[in-house]
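**Student:** Pasted the sequence and its predicted model underneath.
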Protein chains: 2
Amino acid sequence: MVTIRDVAAKAGVSAATVSRIINGKGQATPETIARVHAVIKEMGYKPNVVARSLTSRQSNTIALLVPTISNPFFPELARGVEDSANSYGLNIFLCNTDDEREKVRNYLISLRDRYVDGVIVNSLNVTEEDLEELHSHGIPTVTLDRTFSSHKFSSIGVKHREGARLATSHLIDIGCKRIGIIRGPEDDSTAIQRLWGYRDCVKNFDWFDQSWIALGDFSVKSGYLCMKELFQRHPDIDGVYAANDLMAIGLLKAAHEWGRKVPDELAIVGFDGIDMTQYTNPPISTVKQPAYEMGRMAIEELLRLKKLDEHNWYAKKQELDVEFILRESSMR
Amino acid sequence: MVTIRDVAAKAGVSAATVSRIINGKGQATPETIARVHAVIKEMGYKPNVVARSLTSRQSNTIALLVPTISNPFFPELARGVEDSANSYGLNIFLCNTDDEREKVRNYLISLRDRYVDGVIVNSLNVTEEDLEELHSHGIPTVTLDRTFSSHKFSSIGVKHREGARLATSHLIDIGCKRIGIIRGPEDDSTAIQRLWGYRDCVKNFDWFDQSWIALGDFSVKSGYLCMKELFQRHPDIDGVYAANDLMAIGLLKAAHEWGRKVPDELAIVGFDGIDMTQYTNPPISTVKQPAYEMGRMAIEELLRLKKLDEHNWYAKKQELDVEFILRESSMR
DNA sequence: CTGAAAGCGCTTACAG
DNA sequence: CTGAAAGCGCTTACAG
């Protein structure tokens, strides 16, 4: 392995000078710059990233915390993160937290110790103190979406409430008279916002009460079970908004089993915009989040902060638009 | 931050002694061991992982190369890898290669530079020289599945050919008279083995010839397009084996559009065992690969090698069983 | 059994 | 503009 001292020796300068030239710090005559670069090229020298990390306390790595990459919403986000990171020479640590506090904590400690250059958080059970601690170590963060965003650091979200309104009002527009919701977990802020959006649209109907709300956990299975529950409580239900696509897929299955024709007898809308909704039978209308784009933006935001001096950091709160996608499951 | 020297000072020994005790190397009196541990605990000392990497040339990280995490087969594999890695305190670098040589190459270089402790490869365009180079740097590898496995290093695969035979012979058993295949890419060894398995079962029928084989690329869309192609060439087709589940999902859509009842007029079997096949309408029969388990095993294999001295390394070639899962798409 | 010293490969004040 | 020196925090021969 060729080291900075090898280069220095061959170029007839000191290691310090080589270092400065590589990092573009300080001054140097055009001649020595040229000479050093020539030697670097000639010897195929590449700075040792680990040694660099030790002195610079940076590592050219970024961490991505997600509940689980198995939920099809996250791979697209991860691709956005990675493709963008890649273009800046950053590598990605994938961290599945299962939304569990202990896993979150362990990862955060480990990541700090590794001098990661930033962390992108999309997980429950991350606290403001966690973020503060990372920042105090010079590690910027950006929280996405599901992570609570009422903190003082950067975050990128989407308009969940508005999206839920788009979905619900669409069901009303096509003539649904009794509209239920399969909501997400109670400790998930996006689930809450989506519930609000639904409520905004139905609260003034005289048929509406709590019994039209079924509590799911964002899994296919819970969508399936919640739909059965709604059928039993309300045989006259003719429209459902599922707070995510996986549950919409599960409820579609329940509808088939229950013998309800979709969309004629039961219209369905999901949320997220995962690929699979195109391929169910019928395809499911959904509210698409720009997952890939959010991943890209998260990297950009991290790099923006990184460039600034730590004490000049200021948070940026961004909120992206969602897009309603009409498909057969709600075409009448 | 508390360093090893702080601990040494407080314990009244040298840094070298603390280092030895932490790493369980060399000798030490029970008393000094106890004292050092007490001080470590008292001060909350944790060795700096980056400094450790610099001297030890290890980093407690593992890399996972996949074509793209967006293909739903890979998240489960990734979870297997990560869950297992986690239990050993290893972090995971996620590397999406898109099966492109340039990305593969860039990642491999970068990973070597980071002193990763091992790399799990499931990607095309990785060469034997690549593996050799990693090994020559003391980095063990294990290739999974799609990566060519005719090399001299460790690999874990599944019985693709046998799986394809299970799928095809099942179609024959339920009475299909004209069975097509939507195969995978020509440069993908698993696709080839799955094609062979199909051929094993149909080659002796007099109706069989090349025209029953459609060339897909493992994407939903290609499954859809290939199915249309097969319908046009062979209106009498009554069974299809898709070499992966995504293509099976696509072909199911094509069947609906073409007005063919599944399974009565067209029976379908896929391959992989991704979750989504349970939720299509009808659910799709498939040949399940133990993706999560493969991930776990890959970590175990890497650690087995890591424990050995580099010159004592010997490869292990493992091949796992697949499991046929019967669902409505092929129930007659 | 333990310590002093050198080294892993870089970076960064400090001098000049 | 450039170099010598110290330092990032650990590990590992080498002595004794």
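**Tutor:** Thanks, I have the structure now.
**Student:** ok, for residue A:73, nearest residue in space, not its chain neighbours?
**Tutor:** residue A:272 (5.1 Å; Cβ to Cβ, 6 or more residues apart in numbering or on different chains). Just so you know, the C-beta spots here come from the backbone N, C-alpha and C atoms, and that holds for glycine as well.
**Student:** Also residue A:52?
**Tutor:** Counting by Cβ to Cβ, 6+ apart, residue A:52 lies nearest to residue A:58, which is 7.7 Å off, once chain neighbours are set aside.
**Student:** Over to residue A:40?
**Tutor:** Nearest non-adjacent residue to residue A:40, counting by Cβ to Cβ, 6+ apart: residue A:7, 5.8 Å away.
**Student:** coming back round to it: who's in contact with the residue nearest to residue A:73?
**Tutor:** Shown in contact with residue A:272 (Cβ atoms under 8 Å, 6 or more residues apart in numbering or on different chains): A:73, A:244-246, A:286-289, A:291.
**Student:** Need the per-residue pLDDT for it.
**Tutor:** Listed pLDDT for residue A:272 reads 97.
**Student:** May I have the beta-bridge partners of it?
**Tutor:** With DSSP bridges as the criterion, residue A:272 is bridged to residue A:288.
**Student:** Could you list the residues of chain A in contact with DNA strand C?
**Tutor:** By Cβ under 7 Å from any atom of the strand, the residues of chain A that approach DNA strand C are A:1, A:3-5, A:15-16, A:19-20, A:22-23, A:25, A:45-48, A:51-52, A:54-56.
**Student:** can we see that at 10 Å?
**Tutor:** Within chain A, the positions lying close to DNA strand C (Cβ under 10 Å from any atom of the strand) are A:1-8, A:14-23, A:25-27, A:45-58.
**Student:** Buried ones from the residues you listed, can you make that a PyMOL selection?
**Tutor:** Of these, the buried ones go into a single PyMOL selection, burial set by 16 or more other Cβ atoms under 10 Å in any protein chain shown:
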select buried, chain A and resi 4+7+8+17+18+19+20+21+22+45+47+48+49+50+52+53+54+58
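**Student:** Same question for the biggest helix by length in chain A: list its buried residues.
**Tutor:** Scanning chain A for the helix with the most residues, using DSSP state H, yields helix A:291-307. For helix A:291-307, burial by neighbour count (16+ other Cβ under 10 Å) applies to A:291-299, A:301-303, A:305-306.
**Student:** Tell me the helices and strands packed up against that helix.
**Tutor:** helix A:73-87, strand A:119-121, strand A:141-144, strand A:155-158, strand A:317-320 (3 or more Cβ pairs under 8 Å, 6 or more residues apart in numbering or on different chains; DSSP states H and E).
**Student:** Any idea how far it is from the middle of the chain?
**Tutor:** Computed by Cα atoms, centre = their mean, to the nearest Å, the chain-centroid distance of helix A:291-307 equals 11 Å.
**Student:** roughly how far apart are the one residue in the stretch 151-300 of chain A that gets nearest to DNA strand D and residue A:134?
**Tutor:** Nearest residue of the stretch 151-300 of chain A to DNA strand D (Cβ to the nearest atom of the strand) works out as residue A:153 at 25.0 Å. Look at residue A:153 and residue A:134: by Cβ to Cβ, to the nearest Å, they are 9 Å apart.
**Student:** any residues in contact with both of these two?
**Tutor:** Joint contacts of residue A:153 and residue A:134 (Cβ under 8 Å, 6+ apart) are A:140-141.
**Student:** How many residues are close by residue A:38?
**Tutor:** 12 (other Cβ atoms under 10 Å in any protein chain shown).
**Student:** residues in contact with it?
**Tutor:** Applying Cβ under 8 Å, 6+ apart to residue A:38 gives the contacts residue A:11.
**Student:** So what's the residue count around residue A:137?
**Tutor:** What residue A:137 shows, counting by other Cβ under 10 Å, is a neighbour count of 15.
**Student:** right, I mislabeled it, should have said residue A:252
**Tutor:** Residues near residue A:252, counting by other Cβ under 10 Å, number 31.
**Student:** Okay, it and residue A:37: tell me how far apart.
**Tutor:** From residue A:252 to residue A:37 the distance is 61 Å (Cβ to Cβ).
**Student:** Contact residues of the stretch 151-300 of chain A facing chain B?
**Tutor:** Residues of the stretch 151-300 of chain A lying close to chain B by Cβ under 8 Å from any Cβ of the partner chain are A:220, A:249-250, A:252-253, A:256, A:275-276, A:278-281.
**Student:** 7 Å instead, please
**Tutor:** Residues of the stretch 151-300 of chain A that fall close to chain B, judged by Cβ under 7 Å from any Cβ of the partner chain: A:220, A:249-250, A:253, A:256, A:276, A:279-281.
**Student:** For the residues you listed, which single residue is the most surrounded?
**Tutor:** residue A:249 (29 neighbours).
**Student:** Surely that one is in a helix?
**Tutor:** Yes. Under DSSP: H, G, I helix; E, B strand; the rest coil, residue A:249 falls within a helix.
**Student:** What pLDDT does the model give the closest residue to it other than its chain neighbours?
**Tutor:** Nearest residue to residue A:249, sequence neighbours excluded (Cβ to Cβ, 6+ apart): residue B:279, at 4.8 Å. pLDDT, residue B:279: 88.
**Student:** which residues in chain A form helices?
**Tutor:** For chain A, the helices defined by DSSP H cover A:4-11, A:15-23, A:30-43, A:49-56, A:73-87, A:101-113, A:128-136, A:160-173, A:189-202, A:220-233, A:245-258, A:291-307.
**Student:** residues contacting the residue in the stretch 101-250 of chain A that DNA strand D sits nearest to?
**Tutor:** DNA strand D sits closest to residue A:113 of the stretch 101-250 of chain A, with a gap of 9.7 Å, by Cβ to the nearest atom of the strand. Neighbouring residues of residue A:113 by Cβ atoms under 7 Å, 6 or more residues apart in numbering or on different chains: residue B:49.
**Student:** what residue ranges in chain A score low on pLDDT?
**Tutor:** Scanning chain A for pLDDT under 70 picks out nothing.
**Student:** How is it divided into domains?
**Tutor:** A:4-47, A:56-158+A:291-320, A:160-289+A:325-330 (automatic domain parsing).
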